[in-house]
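*Asks:* Just a sequence and a predicted model for now, questions to come.
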Amino acid sequence: MKLQVTQENLNRALGAVARVANSRNQLPILSNVLIKTDNNRLSISATNLDIGITQFIGAKISSEGSITVPARLMQDYINSLPSGTISLELKESKLHISSDQYQSVVNGILADDFPVMPAIQDGKKWSIAAGELKKALQQVTFAASADESRPVLTGVLCKTDAGQLRIAATDSYRLAEKTIGKVGEEVNLLIPASSMHDLLRILGDTDEIVSVTHDEQQVLFQVAEVELVTRLLEGNYPDYRKLIPETFQQSATLKRADFVNITKVSSLFARESAGSITLHLNDEKQLLSIHSVASQLGENTSEATAKIIGSGDITLNSRYLLDGLQAFTDDEITFGFNGKLEPTILRSGDKSRYVHVVMPLKS
């Protein structure tokens, strides 16, 4: 293998794929990236057996070949080189790298031993705008659980309902759901949230179309020159839609910025009580107030003017409430609940597109 490639392109590709390489895995080759020529392009790949990412970049190829090299070393080294042309030449299992005044030799492992994610045969195919998918993932993925003892909740559910694609995640304390555009295929995928975080990094600010192919075991996302394939989670996702009420006994509609501010201030006094804050809706005064107590430090009550329907109190975790509020982009938010022990709902003016649920604490 002998080729030339720009430092900018190679650095970008390594940045996109190298973090998937797992240095703690028992298979040493999984801490490597695969560098391979492919139809007058250079492909850079990494995998941890659950997820694989490949980025294709343009290169001036003199001879074909492939090798795997340590991901961390390769990424840090290429990132440190100045802009310009880099020459790569494979001699036996050693990759010779030269650029202006820099020359290095990196010991590799033969590409024959590099595991390849199985190809998807006869899978369903559909597509979606990258910008639309990115916004949905930003609003939903953070709500997935990190608790591996309940693996189903560590996933993000992508499921069609009446032709609309719903993307949802929950850790049983809060739930986020975003409804996006129509999809021609019937979709029911449970994708690891960690893979969705990697997909978010790949999407960046591109306005490309994302092509999605999947079968019962894995799903492939293709956008521009990048491919991400990940295994699907097994298990039945909870029927979360039963948690989302359509009407409320108590509700407050107010500016999102005001809601965020009074929640942030109250959370400062809620650190001793695991983030516990009490929200009070005053129908008569048309005020939403939040009260928090820190036994050693003091207490706080913050208020905001709101359109209130029905007076009442409810106790929530301030961090979960703040996470939900900051996921919205609308200027105005409606907050509703039905008694102290029922789920609370955050919605914007467009009620059907994005909803955030926070479960109450026992006051």
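*Replies:* Happy to help now that I have it. The shown structure was predicted, so the numbers you read here are calculated from the model rather than taken from an experiment.
*Asks:* hey, which helix is longest across the protein?
*Replies:* Under DSSP state H, the helix in the chain containing the largest number of residues is helix 256-268.
*Asks:* How about residues contacting that one?
*Replies:* The contact list for helix 256-268 (C-beta atoms under 8 Å, 6 or more residues apart in numbering) reads 275, 277, 288-292, 300-306, 318-319, 321-322, 325-326, 328, 330-333, 335. (C-beta placed from N, C-alpha, C; glycine too.)
*Asks:* Which of these fall in helices?
*Replies:* Here DSSP H is the test, and these give 318-319, 321-322, 325-326 as lying in helices.
*Asks:* Mark which of those residues are buried, thanks.
*Replies:* Among these, those classed as buried by 16 or more other C-beta atoms under 10 Å are 318-319, 321-322, 325.
*Asks:* Check which residues of stretch 328-338 are buried.
*Replies:* Neighbour count says stretch 328-338 has 328, 332-338 buried, by 16+ other C-beta under 10 Å.
*Asks:* Just the C-alphas of that stretch, formatted as PDB.
*Replies:* This file holds the C-alpha atoms of stretch 328-338, laid out as PDB (Å, rounded to 0.1, in the frame of the first residue of the first chain):
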ATOM      1  CA  PHE A 328     -36.900  22.600  24.100                       C
ATOM      2  CA  THR A 329     -36.200  25.400  21.600                       C
ATOM      3  CA  ASP A 330     -39.500  27.100  21.900                       C
ATOM      4  CA  ASP A 331     -40.000  30.500  23.700                       C
ATOM      5  CA  GLU A 332     -43.100  29.300  25.700                       C
ATOM      6  CA  ILE A 333     -43.600  26.100  27.700                       C
ATOM      7  CA  THR A 334     -46.700  24.400  29.200                       C
ATOM      8  CA  PHE A 335     -46.200  22.400  32.300                       C
ATOM      9  CA  GLY A 336     -49.000  20.200  33.500                       C
ATOM     10  CA  PHE A 337     -49.900  17.500  36.100                       C
ATOM     11  CA  ASN A 338     -52.800  15.700  37.700                       C
END
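*Asks:* ranges for the strands of the stretch 251-363 of the chain?
*Replies:* Applying DSSP state E, counting those that start in this stretch to the stretch 251-363 of the chain gives strands spanning 276-282, 287-294, 298-305, 307-309, 312-317, 332-337, 344-347, 354-358.
*Asks:* Figure out which of those is closest to residue 26.
*Replies:* Smallest distance to residue 26 across the strands of the stretch 251-363 of the chain (C-beta to C-beta): 38.4 Å, for strand 312-317.
*Asks:* Specify the angle between the closest one and strand 354-358 in degrees.
*Replies:* 90 degrees (axes from the mean of the first three to the mean of the last three C-alpha atoms, to 10 degrees).
*Asks:* and the chain, what are its domains?
*Replies:* Domains of the chain are assigned by automatic domain parsing as 2-113, 124-241, 244-358.
*Asks:* Next, count neighbours for residue 231.
*Replies:* Residues near residue 231, counting by other C-beta atoms under 10 Å, number 17.
*Asks:* which stretches of the stretch 201-350 of the chain have low pLDDT?
*Replies:* Within the stretch 201-350 of the chain, the stretches with pLDDT under 70 are 350.
*Asks:* Quick one: residues contacting residue 304.
*Replies:* Contacts of residue 304 by C-beta under 8 Å, 6+ apart are 254-255, 258-259, 261-262, 287-289.
*Asks:* which one is it nearest to, not counting chain neighbours?
*Replies:* residue 258 (4.1 Å; C-beta to C-beta, 6 or more residues apart in numbering).
*Asks:* All the helices of the stretch 151-300 of the chain, in order from the start?
*Replies:* Counting by DSSP state H, counting those that start in this stretch, the stretch 151-300 of the chain has helices at residues 193-203, 256-268.
*Asks:* could you list every residue that touches residue 133?
*Replies:* Applying C-beta under 8 Å, 6+ apart to residue 133 gives the contacts 180, 203, 210.
*Asks:* which phi and psi does it have?
*Replies:* The phi and psi values for residue 133, taken as degrees, to the nearest 10, are phi -70, psi -40.
*Asks:* so who does the residue positioned nearest the centre of the chain touch?
*Replies:* The centroid of the chain falls nearest to residue 197 when counting by C-alpha atoms, centre = their mean (3.0 Å). Residues near residue 197 by C-beta under 8 Å, 6+ apart: residue 141.
*Asks:* do the same with residue 107
*Replies:* 69, 93-94.
*Asks:* my read: residue 118 touches residue 218, true?
*Replies:* Yes - with contact defined as C-beta atoms under 8 Å, residue 118 counts as touching residue 218 (7.4 Å).
*Asks:* Who has more neighbours out of these two?
*Replies:* For the pair residue 118 and residue 218, the greater number of neighbours falls to residue 218 (21 against 11), based on other C-beta under 10 Å.
*Asks:* For residue 277, name its beta-bridge partners.
*Replies:* For residue 277, the beta-bridge partners are residue 316 (DSSP bridges).
*Asks:* repeat for the one 10 residues further on
*Replies:* For residue 287, the residues forming beta bridges with it (DSSP bridges) are residue 282, residue 305.
*Asks:* on that earlier part again, how far away is the residue nearest to the centre of the chain from residue 256?
*Replies:* Counting by C-beta to C-beta, to the nearest Å, the gap from residue 197 to residue 256 is 25 Å.
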